[in-house]
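Visitor: Sequence and predicted structure below; questions after.
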Amino acid sequence: MSSTSQKHKDFVAEPMGEKPVNALAGIGEVLGKRLEDKGFDKAYVVLGQFLVLKKDEELFRDWLKDTCSANIKQQGDCFGCLKEWCDAFL
Amino acid sequence: MSLFMEDPAHFSKSRLKLDLVAHNVVLPPTKSRKEIYVDLYLKHIAQKNAGDFSSDDEDQEQDLADKEEEEDAEILVQSCLTDDDLKAALLKHGVKAGPIVASTRALYENKLRRLEQSEGQGHVNGVEKGVLYSDSEEEEEQGEQEDGESGSEGAKEETAEQSNQAQQGSSQNGDFVYPQCFLLSSRMRAHATRKGEPIPKRNSRNVIKSSQQSRHHCSQIPVGMTKASSVDQRSGLGSGFPPGTHSAVSNGGSSISSQRSFSITEMVERRKSLSSSPNTERELNGRNVQEHWSRSNRPDTPIVDTMKNQSPYYTPKESPYKRKIKPSQEPVKDTIEEMFLNMEASPTGICATRRRPIKGAAGRPVQYIYPDTPTSPTTLERREVERRLVPIHIQILVFFILACLLYIIYVCVEGNSFSPFVALLDSLDQGSESEEGLMLQAETQDTPVISGQE
């Protein structure tokens, strides 16, 4: 990734609080809907999954692909923003 | 041929488990009943064995079929692994799994499957072949009795060599397979490929076989021993190795324990032998076989048949194997110690103590600590001198006292009347003068005189 998106910056800039899942970078309307359907309605739920996978990129990407069939870029964006958020706030 | 005709239902549960692990079958959940193990055994191992011992044409096809079957089964079995088992399986592949919960389980299963597939082809084959061909030597034993089998044996060896590349390719493989007997066979295969001439090796093995045959009847072990040691000397191997191998060859407490000590020595030997000339390499190969033979033919194994039955099972295992071994480890030590005594008396003067560090390096705690290195004469001398010297703090103290004294004297000599000390000193001097009077030396007398004048 050459540069981070605005969404990424916004997400990483502050504690995620009760932000919805589509506040995550790489997760748009469609993926957000799919994730909500699976019960991942808040960003912190996704964070929980991210953490329970021990921040492992490969596993998280797989999970994202399985859960909402995200493409590679979306996976990367989402992973990157969660990772950076964790580095900043965890 | 009657090897595998035993009814698996008669095996103990742990035995079944070991066999399943040996054949790389994923174990069912730990609490499952014996019937499940028996079923798995029948499904994977009994069929395979049937395939192995059928004619050699069918051999490879059967292998392929088995492989596919097993993979399918593995995927099925994976889903009925417990969380702990899944975690252990992942750990075997070097993946440290996080918490396996409902939401992560599928991912980890996927990962395990992928790992098994990626390294898998080679890996699964490798282990299987390792199991099959580590007992190819045992088969030779049979072949000795019934020479008709030698053809199929050759064919198997070829397949083994084919699979060799795949084996060497995957490093994980090594982790799995390293222990014990399989190492032996893999080593031989490695030699074969490296030399690029498998046939001479086989020939030499045959020669050895025949010689062994004759030896088998008379007392074979001393011969094997002397041969082995002579090879060692010729190839210039370190002095550490022979005792281990000797003890293993000569005093076979139990075959398993001797195999264990083999694996260590041979690992090192292999390294050495790789660097030495191909000639010695071949010799080592031959010797290898000899050792293996004398091991399996050892007279004190009560029933040779059961040995044959068991050793293919027990050899290629990691942790379960160790569990099995522990009770029989004691005799090894004894025998080694006995050998040490023998070795001290030996004319070659080979010292056995070198081998200890290898054990320590293998992850076990070092039980043996070297005695302090003998001090050289120069150090002894230095110590002697140091003992006579006055300790440094006393030296410093004396120096300071002297310095103070000199300073005081200087002050007294140069001292002016403004100094508060002067009066004190004067009084002191007077006191001392009055006390000692004429007894004072000329030098000390000078000082008060001068100070008095000033």
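Guide: Yes, it's here.
Visitor: Leaving out chain neighbours, which residue sits closest to A:Val46?
Guide: Excluding its sequence neighbours, the residue lying closest to A:Val46 (CB to CB, 6 or more residues apart in numbering or on different chains) is A:Phe40, at 5.3 Å. C-beta coordinates here come from the backbone N, C-alpha and C atoms, glycine included.
Visitor: what's around the one you found, how many residues?
Guide: 22 (other CB atoms under 10 Å in any protein chain shown).
Visitor: Surely B:Ile100 and B:Ala89 touch.
Guide: No. Using CB atoms under 8 Å, B:Ile100 is not in contact with B:Ala89, being 10.7 Å away.
Visitor: How many residues are close by A:Val52?
Guide: Residues near A:Val52, counting by other CB under 10 Å, number 18.
Visitor: Tell me where chain A has strands.
Guide: Read by DSSP state E, chain A holds no strands at all.
Visitor: any weak-confidence spans in chain A?
Guide: For chain A, the stretches flagged by pLDDT under 70 are A:1-2.
Visitor: Mind doing that once more with 80?
Guide: Along chain A, the parts satisfying pLDDT under 80 run over A:1-3.
Visitor: give me the residue from it nearest chain B.
Guide: Closest to chain B within chain A is A:Lys54: 4.0 Å, counting by CB to the nearest CB.
Visitor: What pLDDT is listed against the closest residue in space to that residue that isn't next to it in sequence?
Guide: Leaving aside its sequence neighbours, A:Lys54 sits nearest to B:Gly98 (CB to CB, 6+ apart; 4.0 Å). Per-residue pLDDT puts B:Gly98 at 80.
Visitor: B:Gly98 against A:Phe60, yeah?
Guide: No. In this structure, B:Gly98 is not within contact of A:Phe60 by CB under 8 Å, at 10.8 Å.
Visitor: list residues touching both of the two?
Guide: Both B:Gly98 and A:Phe60 are contacted by A:Leu53, under the criterion CB atoms under 8 Å, 6 or more residues apart in numbering or on different chains.
Visitor: quick one: which of these two has more around it?
Guide: Neighbour comparison, B:Gly98 and A:Phe60: the larger count goes to A:Phe60, with 23 against 18 (by other CB under 10 Å).
Visitor: which residues touch that one?
Guide: A:Phe60 touches A:Gln49, A:Phe50, A:Leu53, A:Gln75, A:Cys78, A:Phe79, A:Leu82, counting by CB under 8 Å, 6+ apart.
Visitor: ok, and the most crowded of these?
Guide: A:Cys78 (27 neighbours).
Visitor: ok, that residue touching A:Trp63?
Guide: No. A:Cys78 is beyond contact range of A:Trp63, at 10.1 Å (criterion: CB under 8 Å).
Visitor: Now the phi/psi pair for the residue of chain B found nearest chain A, please.
Guide: Of all residues in chain B, B:Gly98 sits closest to chain A, at 4.0 Å by CB to the nearest CB. Main-chain dihedrals, B:Gly98, degrees, to the nearest 10: phi -80, psi -160.
Visitor: Could you check how many residues crowd around B:Tyr410?
Guide: Using other CB under 10 Å as the criterion, B:Tyr410 is surrounded by 10 other residues.
Visitor: Next one, pLDDT for it please.
Guide: B:Tyr410 is given a pLDDT of 91.
Visitor: same thing with B:Ser136?
Guide: For B:Ser136, pLDDT reads 41.
Visitor: residues contacting the residue of chain B closest to chain A?
Guide: Residues in contact with B:Gly98 (CB under 8 Å, 6+ apart) are A:Val52, A:Leu53, A:Lys54, A:Asp56, A:Leu59, B:Thr104.
Visitor: again, only using 7 Å
Guide: Contacts here follow CB atoms under 7 Å, 6 or more residues apart in numbering or on different chains; on that basis B:Gly98 touches A:Val52, A:Leu53, A:Lys54, B:Thr104.
Visitor: To what extent is the last one buried, counted in neighbours?
Guide: Same thing as B:Thr104. 21.
Visitor: Spell out which residues of chain A are next to chain B.
Guide: A:Gln49, A:Val52, A:Leu53, A:Lys54, A:Leu59, A:Asp62, A:Trp63, A:Asp66 (CB under 7 Å from any CB of the partner chain).
Visitor: Those in helices, which ones?
Guide: Residues of the residues of chain A next to chain B located in helices (DSSP state H): A:Gln49, A:Val52, A:Leu59, A:Asp62, A:Trp63, A:Asp66.
Visitor: Looking at these, which two lie furthest apart in space?
Guide: Every pair in those was compared (CB to CB); the two farthest apart turn out to be A:Val52 and A:Asp66, at 14.6 Å.
Visitor: Could you pick out the longest helix of chain A?
Guide: Longest helix in chain A, counting by DSSP H: helix A:72-89.
Visitor: just for the stretch 301-450 of chain B, where's the confidence low?
Guide: B:301-390, B:414-450.
Visitor: same thing but 90
Guide: Scanning the stretch 301-450 of chain B for pLDDT under 90 picks out the ranges B:301-393, B:411-450.
Visitor: Now the residue nearest to the spatial centre of chain A. Nearest residue, chain neighbours left out?
Guide: The centre of chain A sits closest to A:Cys78, judged by CA atoms, centre = their mean, with a distance of 3.6 Å. Distance criterion CB to CB, 6+ apart; nearest residue to A:Cys78, sequence neighbours excluded, is A:Gly26 at 3.9 Å.
Visitor: Now do the contacts for that neighbour.
Guide: A:Ala70, A:Gln74, A:Gln75, A:Gly76, A:Asp77, A:Cys78.
Visitor: mind running it again at 8 Å?
Guide: So A:Gly26 contacts A:Ala70, A:Lys73, A:Gln74, A:Gln75, A:Gly76, A:Asp77, A:Cys78, A:Phe79, A:Gly80, A:Cys81 (CB under 8 Å, 6+ apart).
Visitor: can you check A:Cys81 too?
Guide: If you count contacts by CB under 8 Å, 6+ apart, A:Cys81 has them with A:Thr4, A:Lys7, A:His8, A:Phe11, A:Val12, A:Leu24, A:Ala25, A:Gly26.
Visitor: 10 Å instead, please
Guide: A:Cys81 sits next to A:4-5, A:7-12, A:16, A:23-27, A:43 when contact means CB atoms under 10 Å, 6 or more residues apart in numbering or on different chains.
Visitor: A:Ser3 now?
Guide: By CB under 10 Å, 6+ apart, the neighbours of A:Ser3 are A:Lys9.
Visitor: Kindly report the same for A:Lys65.
Guide: A:Asn71, A:Ile72, A:Gln74, A:Gln75.
Visitor: neighbours around A:Gly32, how many?
Guide: Neighbours around A:Gly32, by other CB under 10 Å: 19.
Visitor: Ignore what I typed, I meant A:Gln74.
Guide: Neighbour number of A:Gln74 under other CB under 10 Å is 21.
Visitor: Verify the stated contact: B:Leu90 with B:Asn110.
Guide: No. The criterion here is CB atoms under 10 Å, and B:Leu90 misses it with B:Asn110 at 11.0 Å.
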